[in-house]
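> Any chance you can model this:
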Amino acid sequence: MKAGIIYNEGKPLAVELANHVRQILELQGWEVHMATGIGGILGYSRPDSPVCHTPIDQLVPPGFDTSMAFAVVLGGDGTVLSAFRQLAPCEIPLLTINTGHLGFLTEGYVADLEPALDQVLRGDYTIEDRTMLTVQVLRDQTVIWEALSLNEMVIHKEPLTGMCHFEVDVGAHARVDIAADGSFSPPLQALPPMPSQRAAP
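Below you'll find the model as predicted:
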């Protein structure tokens, strides 16, 4: 039996809980592999460094693979997003615990950790599938940047560039070619004149 832990190494509480979870699992005979969420942080391509990303299939941390039953993620939304990018190629189910202030993508808080972990170990859980998008930037048919994104992505242009051309594939639908400048300005409309008001006597 093999499980994983992805944690935010910048949060002392997350580090402490990661070691605590590891101890709980190992005492029950689990093989545990740990990794930080830093491996899933996105990079940016620049003219002087057009290839500055890690290919999607190389984001999986050592020891994590399709034989892993589940992984516990300890941190905030940033750590959860990183963990999704790191582990999606292996389709490892994630139990996400928020160790920060807000966590829209986390399933529980620190107080929920041990009861939730106990449920997982008993097999008393359901898996919620999430949609992920593969985003690639190509130049002359060469991939210069790629990433997995959870639920959404934003495409925008550099401040001084012109039109951008996007080819969008969705499932089995035909590819669509879209030209856009990446900005939107609502049309200006004249406001109706305000009614005159007089001060009360």
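> tell me, how many neighbours does Val15 end up with?
When neighbours are counted by other C-beta atoms under 10 Å, Val15 registers 17. (Glycine included, C-beta is placed from N, CA and C.)
> likewise the one 5 residues further on?
Other residues near His20 come to 15 when the count uses other C-beta under 10 Å.
> and it, that's in a strand?
No: note on His20: no strand contains this position according to DSSP: H, G, I helix; E, B strand; the rest coil, which reports helix.
> how much space between it and Pro93?
Here the distance between His20 and Pro93 works out to 20 Å (C-beta to C-beta, to the nearest Å).
> Contacts for the host helix or strand of Ile97 next, please.
Using DSSP states H and E, Ile97 maps to strand 94-98. Taking contacts as C-beta atoms under 8 Å, 6 or more residues apart in numbering, the residues outside strand 94-98 that touch it are 6, 17, 70-76, 80, 83-84, 87, 103, 105-110, 112-113, 116-117, 120.
> The residue nearest in space to the middle of the chain in helix, strand or coil?
Among the residues of the chain, Leu81 comes closest to the average C-alpha position under C-alpha atoms, centre = their mean, at 2.2 Å. Under the three-state scheme (three-state DSSP), the conformation of Leu81 reads as helix.
> show me what contacts it?
The neighbours of Leu81, taking C-beta under 8 Å, 6+ apart as the test, are Gly40, Leu105, Leu150.
> Need the pLDDT of the closest residue to Thr106 other than its chain neighbours.
Closest residue to Thr106 apart from its sequence neighbours, by C-beta to C-beta, 6 or more residues apart in numbering: Asn98 at 3.7 Å. In this prediction, Asn98 carries a pLDDT score of 93.
> On the strand side of things, show who Asn98 bridges to.
Per DSSP bridges, the residues bridged to Asn98 are Gly75, Tyr109.
> Leu148 too?
Thr134.
> where exactly do the strands run in the protein?
2-7, 31-36, 70-75, 94-98, 108-109, 132-139, 142-150, 164-168, 176-180 (DSSP state E).
> Give the other helices and strands that the longest one contacts.
Pointing back at strand 142-150 there. Strand 142-150 makes packing contacts with helix 77-87, strand 132-139 when contacts are defined by 3 or more C-beta pairs under 8 Å, 6 or more residues apart in numbering; DSSP states H and E.
> can you redo these as CSV with distance to Lys11?
Written out in CSV, the entries for the helices and strands packed on strand 142-150 read as follows (distance: least, C-beta to C-beta, whole Å):
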stretch, distance to Lys11
helix 77-87, 8
strand 132-139, 25
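> Nearest to Ile24 among the ones you listed would be which one?
Evaluated over the helices and strands packed on strand 142-150, closeness to Ile24 peaks at helix 77-87, with 19.1 Å, by C-beta to C-beta.
> And that closest one, how far out from the chain middle?
Using C-alpha atoms, centre = their mean, to the nearest Å, we find the averaged C-alpha position of helix 77-87 to lie 4 Å away from the chain's own average C-alpha position.
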